[in-house]
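Engineer: With the sequence up front, the predicted model follows.
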Amino acid sequence: MPERTADPTTGTINEPLPPERGLASQWVGLLLAPAAFFLHLQFAYAVVPWACRHRNDFWIHASGIASVILAAIGTFVAWSVWRREGGDAPGEGYGISSRARMLAVTGLGTSAIITLILVAQWVAAFVVSSCE
């Protein structure tokens, strides 16, 4: 693991990013649910004519459950990053931990709302026929 180094021009200490604070989990928590929503919307619109013609809503429900699962995973990842960083509000600080908390809290809120929206859309697929 690289050592801590000091930047001579600013005097800040550059700490290597530990693997558990990786950017990948922060961005997954922020962007997985919106990506699942977009993919669900596109796929559902594309498959509706086929589902109506064949009177088979399987793919509409499959995309609904897959998108809800993906969005829930994004919510869980954002929550786990937030808990790992202490579970505090982001605050006005700067640095790795503040950025991680900011991305985690934003991802947690966004992902939770999008997960609920996807559940509502999936439930609507049970009530409204694909031909209506």
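Structural biologist: Cool, the structure landed.
Engineer: Tell me which residues of stretch 45-61 come out buried.
Structural biologist: For stretch 45-61, the neighbour count (16 or more other C-beta atoms under 10 Å) marks 47, 48, 51, 57, 59, 60 as buried. The way it works is simple: take the backbone N, C-alpha and C, and place the C-beta from them, glycine included.
Engineer: Using PDB, list the CA coordinates for that stretch.
Structural biologist: Extracted in PDB, the C-alpha atoms of stretch 45-61 (Å, rounded to 0.1, in the frame of the first residue of the first chain):
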ATOM      1  CA  TYR A  45     -42.000   0.500 -24.200                       C
ATOM      2  CA  ALA A  46     -40.200  -1.800 -26.700                       C
ATOM      3  CA  VAL A  47     -41.900  -5.000 -25.600                       C
ATOM      4  CA  VAL A  48     -45.500  -3.700 -25.200                       C
ATOM      5  CA  PRO A  49     -46.500  -4.200 -28.900                       C
ATOM      6  CA  TRP A  50     -45.300  -7.800 -28.800                       C
ATOM      7  CA  ALA A  51     -47.000  -8.400 -25.400                       C
ATOM      8  CA  CYS A  52     -50.300  -7.100 -26.700                       C
ATOM      9  CA  ARG A  53     -50.100  -9.000 -30.000                       C
ATOM     10  CA  HIS A  54     -49.300 -12.300 -28.200                       C
ATOM     11  CA  ARG A  55     -51.400 -11.700 -25.000                       C
ATOM     12  CA  ASN A  56     -48.300 -12.400 -22.900                       C
ATOM     13  CA  ASP A  57     -47.100 -10.000 -20.300                       C
ATOM     14  CA  PHE A  58     -44.200 -12.100 -19.100                       C
ATOM     15  CA  TRP A  59     -41.500  -9.800 -20.400                       C
ATOM     16  CA  ILE A  60     -43.200  -6.800 -19.000                       C
ATOM     17  CA  HIS A  61     -43.200  -8.400 -15.500                       C
END
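Engineer: give me the element the closest residue to residue 121 other than its chain neighbours is part of.
Structural biologist: Once flanking residues are discounted, residue 121 sits nearest to residue 64: 6.7 Å by C-beta to C-beta, 6 or more residues apart in numbering. In the assignment (DSSP states H and E), residue 64 maps to helix 58-84.
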